[in-house]
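Peer 1: What would the 3D arrangement of this be:
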Amino acid sequence: MMGLSKMSNSNYHLQCVMCKASFDEQESYTRCLKCGGSLDIVYDYDLIFERLNKPVLKTAPVRALKYIDFFPINDLRKVVTLYEGGTPFFRCKNLGKTIGMKNLFIKNEGLNPTGAFKDRGTLVEITKAVEMNKKVAICASTGNMAASVSAYSAHAHMVCHILTPEGTAIGKMSQTLSYGARMIQVRGTYDDANKLAAEVARRHKFFLAGDYAFRLEGQKSTGFEIAEQLGWESPDKVIVPVGCGTHLSGIWKGFKEFKMGALIDKLPSMVAVQAKGADPLVGAFAKKISRWEVIEKPQTIAGAIQIGDPLDGVKTLRALHESKGLAESATDEEILEAEKMLAKQESVFVEPSGAAPLAALLRLLRKGKIHKDERVVLVLTGAGLKDPLSALKVLPSPPSTEPFYHDIKKFLSYGYYNVYAKNIATNEILFRRAPTASQVGNVVRKKFNLSLTNHDIRACREHVESEILKGKSVTLSDLKLILEDIFKYAHATKRVLSVSDYHIDAGMRSKPVGKVKIEYKGKSLMADSIGVGPVDAIIRAISAALKGVNGVAFRLTDYHVDIASRGTDAVVEVKMTLMDKANNKVIGVGTSPDIIAASVEAFEEGYNVLHSKEKGKS
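Peer 2: Numbering: from 1, shown residues only. Modelled structure (predicted):
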């Protein structure tokens, strides 16, 4: 066998899962040098179980490091640990009751040190890097591995380079940078970044971290802990989100090793869940083929599993076949609703990929592929604060009020929370043509169980008509945003300022000119101004129109735009922060498919609230 003469007295070697060629870890620990296949670590299990102290294993506190006899670590003095593992495992009483399952369990991997399951694998990877006397690590990541590898590298005093696809979730990016990583965004997919990381590692002799053999060994500990926390028993099914597939493969290997050592008496079925738009293994499994069709440009809100060509796809498919398992896809909408469901019913806030197991379970229950009396474990892989913006795509912005009880009381008695609690399909089109007030009232009543006043119905219809006149169909998620605006203005202070009309003259090489017509305390005022951009020109024009009247002296201190959905016709939400001379600060919010219209709406709200504060009105 290739390279075994170079091996130390360790109890393992690396073997290609495809051609079965064997290697010493100094030759390769990532890919097969003969065929390019994934590598697996093959142990001398007789030696492991001969050395294993089962009484100590069964009584020691649950932590990933307690299973070190099952890891490919040679020098225990060089272990790099942040005390990963030992994550919560519990029965879902509320959620189980809702969907009719008495034996539904959660394994919450979001409570690992860096907020994701990756820490288990990084424990082994960075320890191996230290054993190999590496001073620099590099990895490609969609975010979770970036944070984990950079944290463990910092602990080991190693330099860490991270390559991540452009647009990585801000929570993961800020976390990674905080650990001191040298981060570069790649204009491409994860697969592009991963190939580039491998090339950099080869050219510069860096330690290449990623979904390779060492990482999988650490991920086994999820399976070990599930078995232990179930009283040294196996569940019927374990549902795992799959990107590269290393975690599911590792969990399956862990269960097999425990069965081999007589620590459990049966094995579970593994269930892989991928997101629609990034589900090559689901298609391959359904066709009963061992090679998947690569998705060149994977697309899903679940960034952690947005992988089109899984590195450990072969191992994953084999785990599914060996365990007589299942593979299921879930849409972005289903994943986001599952995310909200987990938080509301079990008080567990996860990122989208972590909610995918529940989305898949609900699908599989409907299809009859999972039975309600089975013992099922959902592996929730990452904390919600990793990607908090995604959750807001199906949650409304909280309203703002003055600090008085009568303002709060209005919201408590109004229908705002009927809208807040509504589960929606974000792409459902409600209006393609301008509706009547009666049609709007009927749709709001049907979709949100909400009866609006005639005044609010008219205001809602005007919002809908405005969007349709701009050429946009109004979806259910659009209507939610419109209703939020209606509720805000239903309880706002008296509006002294409104923008009657505006116009922009702009060109590629000329500064935009904004022209506005405003109503201020019943007076009609007009002005124009030049700005560095269209929104800036409009705001400057409004300021010019207000000169000479007894208005509020303000300055704009922050401006933020969030896109609620995909597409150039997507509704945007603008938040504009205004501050007056007394340092009163208010945030105005506006929504529209037109970013200028949304900005004007946000400015109007902010200015009117600021005016009421300065003039001493409540």
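Peer 1: In three-state terms, label Leu450 for me.
Peer 2: coil (DSSP: H, G, I helix; E, B strand; the rest coil).
Peer 1: What count of nearby residues applies to it?
Peer 2: When neighbours are defined as other C-beta atoms under 10 Å, Leu450 has 18 of them. Using the backbone N, CA and C atoms, a C-beta is placed for each residue, glycine as well.
Peer 1: Check Lys324 too.
Peer 2: 10.
Peer 1: Please report phi then psi for the closest residue to it other than its chain neighbours.
Peer 2: Excluding the flanking residues, the one nearest Lys324 by C-beta to C-beta, 6 or more residues apart in numbering is Ser269, at 5.4 Å. Backbone torsions of Ser269, given as degrees, to the nearest 10, read phi -90, psi 140.
Peer 1: Same question for the one 3 residues further on.
Peer 2: As for Ala272, its main-chain torsions (degrees, to the nearest 10) stand at phi -90, psi 130.
Peer 1: Kindly report the same for Ala64.
Peer 2: phi -60, psi -40.
Peer 1: just checking, it touches Lys220?
Peer 2: No. Under the criterion of C-beta atoms under 8 Å, Ala64 is not in contact with Lys220, lying 9.2 Å apart.
Peer 1: How about the secondary structure of the most far-flung residue of the chain relative to its centre?
Peer 2: What lies farthest from the middle of the chain is Gly548; by C-alpha atoms, centre = their mean that is 49.4 Å. Counting by three-state DSSP, the backbone at Gly548 sits in coil.
Peer 1: tell me, how many neighbours does Lys496 end up with?
Peer 2: In this structure residue 496 is Val, not Lys. 19.
Peer 1: can you map out the helices along the stretch 201-350 of the chain?
Peer 2: 213-229, 246-260, 280-287, 313-322, 332-346 (DSSP state H, counting those that start in this stretch).
Peer 1: The stretch 351-500 of the chain too?
Peer 2: Under DSSP H, counting those that start in this stretch, the stretch 351-500 of the chain gives helices at 352-367, 388-391, 405-413, 416-420, 437-448, 454-469, 476-490.
Peer 1: What's the mean pLDDT across the longest helix along the chain?
Peer 2: Assignment by DSSP state H gives helix 595-614 as the longest helix of the chain. If you average the pLDDT over helix 595-614, you get 86.
Peer 1: Run the chain-centre distance for it.
Peer 2: 31 Å (C-alpha atoms, centre = their mean, to the nearest Å).
Peer 1: For that helix, name the packing helices and strands.
Peer 2: When contacts are defined as 3 or more C-beta pairs under 8 Å, 6 or more residues apart in numbering; DSSP states H and E, helix 595-614 sits against helix 476-490, strand 497-507, helix 534-546, strand 554-563, strand 572-580, strand 585-592.
Peer 1: Thr81 is nearest to which of these?
Peer 2: strand 554-563 (38.3 Å; C-beta to C-beta).
Peer 1: pretty sure Gly171 contacts Ser390?
Peer 2: No. Under the criterion of C-beta under 8 Å, Gly171 is not in contact with Ser390, lying 9.8 Å apart.
Peer 1: what do the two both touch?
Peer 2: Here Gly171 and Ser390 share no contacting residue, scored by C-beta atoms under 8 Å, 6 or more residues apart in numbering.
Peer 1: Take the helices of the stretch 201-350 of the chain and lay them out in a markdown table including mean neighbour count and distance to Gln15.
Peer 2: A markdown table is the format used below for these (neighbours: other C-beta atoms under 10 Å; distance: least, C-beta to C-beta, whole Å):
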| stretch | mean neighbour count | distance to Gln15 |
| --- | --- | --- |
| helix 213-229 | 27 | 9 |
| helix 246-260 | 24 | 13 |
| helix 280-287 | 19 | 22 |
| helix 313-322 | 22 | 12 |
| helix 332-346 | 22 | 36 |
